[in-house]
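A.B. asks: 3D model of this:
(one chain, ligands or ions: 1)
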Amino acid sequence: MPGDKPKFYLTTPIYYTNGLPHIGHTYTTVIADAIRRYKRMRGYEVVMTTGTDEHGVNVERAAQKAGVPESEYVARMAVAWKALWDELGIPADEFIRTTDIRHVRTVQWLFKLCRENGYVYKGNYTGQYCIYDNAFVTDAKPGDNCPDCGRPTETVTEENYYFKLSAFQKPLLDFYNKNPNFIQPETRKNEIISFVEGGLKDLSITRTTVRWGIPVPGEEPHVFYVWFDALTAYLSAVGGPDYEKRGFWPCDLHLVGKDIIRFHTVYWPAFLMAAMLPVPKQVWAHGWFLMDASKMSKSKGNVVLPRPIANMLGMDAMRYFLMREVVFGQDGNFSYDALVTRYNSDLANGLGNLASRTLAMIEKNFGGKIPKPGPRLPQDDVLAKVASEAVGEALERFERFEFARSLEAIWAAIAGADKYLTSEQPWAMGDSEADMQRKATILWTTAELLRVVTVLAHPVLPDSTAKVWTLLGQPGKVSAVELDGLRWGQLVAGAQLGKAQALFPRVDKQEAIERIEAMANEELNPTQPPAPAAAPAPAATAGGVAAPAPEKIGIEDFTKVEMRVGQIKTAERIVGADKLLKLTVDIGTEIRQICAGIAQFYEPEKLIGRKVAVVVNLAPRKLRGVESNGMIVAASVGPEGRPVLAGFPDEDVEIGARLK
Ligand code: ME8
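C.D. replies: The predicted structure follows:
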């Protein structure tokens with residue numbers, strides 16, 4: 001029963017809507033998702049909140065530039081953010097927008113409480129303001145640049161409501177003292193403590209120069225200034241004024257980047273203390289992913305996008321890389337080279353290879369049923385010990401958010417199993433009763449290690465571990481396994497293995513990088529609306545439904561399209577693109593590489609030698625990062641638009657002949 005479980009509430013930052021997510025945002029959201037999955041496997045009822053921070057000058061300007069009202073602009077952006085998290089399998093339990101009415105009410109309520117308790121007053125403020133970071137820059141003079149982003153500040157004078165942050169120096173220091181785990185990691189804690197010890201100035205929390213914000217009731221044109229607004233979203237998402245009903249406040253964990261730690265560990269607890277509301281239990285600030293040693297930003301043109309990586313290598317590969325490559329809390333460099341190297345070594349050769357060879361041997365020797373182990377030898381017990389130690393180590397490290405170390409412990413167990421197989425050589429054994437019994441023990445032991453590793457890695461690799469679980473024929477879902485009960489020896493013998501499938505097909509590094517980059521380039525600078533690779537013949541309309549009468553064209557327009565008979569020479573599937581086949585086609589004068597969106601309907605092997613109609617003078621383009629130089633003509637059949645290749649079954653047509 002959900003009601004009996006302990007609750008755990010965690011959040012990512014509420015991201016700005018003046019851009020779209022890059023790998024940095026994805027990093028925080030992936031970590032939050034992995035912690036959520038982990039906590040669920042530890043028996044918690046978990047809520048994870050993410051959302052969009054939609055007010056402020058930046059949005060006003062971006063909307064103006066786009067020529068649409070702010071409300072429309074942010075609605076589009078919020079849809080795009082939410083859709084990407086859903087697509088990547090890291091959806092929010094609560095997706096909060098700062099334009100949601102539930103949030104507007106919560107901000108106004110929080111302000112009322114702070115004011116009633118005497119922590120809010122009206123005043124004037126003149127200062128240098130960075131519109132990019134939405135913050136006044138303390139101690140800056142006119143003409144100074146923002147110390148954070150390096151861009152020019154603007155001088156702003158206006159009537160403001162102030163929050164008496166200065167009154168919270170002592171309460172905050174006492175709070176940090178009593179709650180030594182509130183700020184993590186330790187280095188950040190020291191930074192914040194010395195900042196607060198240096199004295200706190202009161203904080204302007206409303207503005208009159210901005211239109212696009214939450215109004216201060218009865219005090220228009222005051223609107224709330226971005227941090228009082230944005231931080232409150234964490235509370236709005238779980239009930240706002242009615243937070244006690246849902247029981248998820250105080251928050252257990254705010255995950256943030258180091259750029260916004262001060263707002264979360266100084267302002268936010270102070271606002272809540274002023275309102276006499278419970279303060280979050282922990283703020284964890286991770287480092288930045290850097291590109292060529294500087295922080296990613298769209299203006300610098302060095303952003304890494306998540307979707308092309310997920311398309312090429314799978315989301316699990318991206319998750320694994322983000323959590324394995326850098327020590328959580330520290331900065332790290334992002335490189336495609338390192339990403340693909342890790343994919344091939346740890347996932348394809350590591351987990352993927354162990355799973356496929358173990359399962360293939362069980363298939364071959366035991367008819368696809370997990371064998372019952374026979375008597376154990378010391379080396380079997382050694383592997384059992386390796387796995388049990390990995391359980392302890394991996395869980396302990398994960399609990400401390402040492403994700404890289406946790407994964408290292410799991411992969412050490414995988415390496416242990418590889419070594420065990422290499423020395424036991426079950427493939428070299430015969431069919432005698434003794435050999436079969438020994439093989440049963442070896443394969444049961446290896447499969448049991450695989451099961452343990454699968455459970456441990458599930459929070460980080462949710463999709464592929466779910467597949468391995470099914471392949472192992474184990475009951476229920478891997479996500480429902482309780483980590484606290486994970487022990488060596490629970491593999492169910494006799495279980496029927498699932499149908500074999502590739503987990504992490506090996507990729508060619510250079511080709512993978514080129515394709516990721518091409519997809520990213522296409523996403524950042526879309527050249528043309530996406531078109532299907534195999535388009536319907538001119539007369540065909542999906543499902544035979546009559547389309548509106550098209551404009552008539554003259555024959556001279558038709559002759560612009562050069563169609564020729566081609567013969568398919570090779571055909572292969574494309575890793576990361578379920579619908580596409582990569583073909584090489586002889587068109588008489590040359591061999592062309594062409595991608596066609598027919599993979600779900602045509603087996604590649606059966607296409608070899610087939611003659612097809614090819615549009616040969618189409619400008620080359622990249623589909624899922626693979627160059628396509630031409631188009632294969634197909635009819636589009638039925639409501640789902642099933643492609644049926646146009647062909648020449650009756651006549652022996654010459655390759656290269658023109659279609660007229
Ligand atoms: O600051 N490496 O939103 P934001 C790692 N709206 N993490 C990164 C990163 C990078 N290169 N770039 C971004 C805001 N992040 C406010 C927050 S909260 C109440 C309001 C992640 O869109 C990291 O978590 O600028 C960072 O703190 C956050 O995105 C900033 O997102």
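A.B. asks: Return the helix or strand in this protein with minimum mean pLDDT.
C.D. replies: strand 535-536 (a mean of 36; mean pLDDT, DSSP states H and E).
A.B. asks: Helix or strand next in line after that one, which one?
C.D. replies: The helix or strand immediately downstream of strand 535-536 is helix 555-558, counting by DSSP states H and E.
A.B. asks: buried ones in the helix or strand just after that next one?
C.D. replies: Next along the chain after helix 555-558, taking DSSP H and E as the criterion, comes strand 563-574. Going by neighbour count (16 or more other C-beta atoms under 10 Å), the buried part of strand 563-574 is 563, 564, 565, 566, 567, 568, 571, 574. For glycine as for every other residue, the C-beta is placed from the backbone atoms N, C-alpha and C.
A.B. asks: repeat for stretch 474-483
C.D. replies: 474, 478, 481, 483.
A.B. asks: how close does the third one sit to the ligand?
C.D. replies: Relative to the ligand, residue 481 is positioned 30 Å away (criterion: C-beta to the nearest ligand atom, to the nearest Å).
A.B. asks: what about the nearest residue to residue 66 once chain neighbours are set aside, which SS state?
C.D. replies: Of all residues not flanking residue 66 in the chain, residue 73 sits nearest, at 5.7 Å (C-beta to C-beta, 6 or more residues apart in numbering). Using DSSP: H, G, I helix; E, B strand; the rest coil, the secondary structure recorded for residue 73 is helix.
A.B. asks: Might one say that residue 73 is in contact with residue 63?
C.D. replies: Yes - Residue 73 lies in contact with residue 63 (C-beta atoms under 8 Å); the separation is 3.8 Å.
A.B. asks: If we only consider the buried residues of stretch 474-483, which is nearest to the ligand?
C.D. replies: residue 483 (26.2 Å; C-beta to the nearest ligand atom).
A.B. asks: For that closest one, give me its contacts.
C.D. replies: Contacts for residue 483 (C-beta atoms under 8 Å, 6 or more residues apart in numbering) come out as 38, 41, 42, 395, 455, 456.
A.B. asks: what residue ranges in the stretch 501-650 of the chain are flagged as low confidence?
C.D. replies: 527-551 (pLDDT under 70).
A.B. asks: what about 90?
C.D. replies: Counting by pLDDT under 90, the ranges of the stretch 501-650 of the chain that qualify are 501-502, 521-560, 573-579, 589, 597, 600, 617-628, 636-642, 647-650.
A.B. asks: Show me where it has its strands.
C.D. replies: 535-536, 563-574, 577-586, 591-596, 611-615, 621-623, 626-628, 631-637, 642-645 (DSSP state E, counting those that start in this stretch).
A.B. asks: Between those, which one is closest to the ligand.
C.D. replies: strand 621-623 (26.2 Å).
A.B. asks: confidence score at whatever residue of the chain ends up closest to the ligand?
C.D. replies: Closest residue of the chain to the ligand, C-beta to the nearest ligand atom: residue 24 (2.2 Å). Listed pLDDT for residue 24 reads 94.
A.B. asks: so what does whatever helix or strand it lives in touch, helix or strand wise?
C.D. replies: Applying DSSP H and E as the criterion places residue 24 in helix 23-41. The contact analysis (3 or more C-beta pairs under 8 Å, 6 or more residues apart in numbering; DSSP states H and E) places helix 23-41 against strand 7-16, strand 45-53, strand 253-257, strand 283-286, strand 289-291, helix 306-313, helix 315-325.
A.B. asks: which regions of the stretch 51-200 of the chain sit below the pLDDT cut-off?
C.D. replies: 56-62, 64-65, 124-140, 146-151, 154, 156-159.
A.B. asks: all strands of it, in order?
C.D. replies: 94-97, 120-130, 135-136, 154-163, 183-184.
A.B. asks: Any chance of TSV for those strands, columns mean neighbour count?
C.D. replies: Formatted as TSV, the strands of the stretch 51-200 of the chain follow (neighbours: other C-beta atoms under 10 Å):
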stretch	mean neighbour count
strand 94-97	22
strand 120-130	16
strand 135-136	18
strand 154-163	18
strand 183-184	22
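A.B. asks: In a markdown table, list the ones you listed along with distance to the ligand.
C.D. replies: Shown next, in a markdown table, are these (distance: least, C-beta to the nearest ligand atom, whole Å):
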| stretch | distance to the ligand |
| --- | --- |
| strand 94-97 | 10 |
| strand 120-130 | 12 |
| strand 135-136 | 10 |
| strand 154-163 | 16 |
| strand 183-184 | 14 |
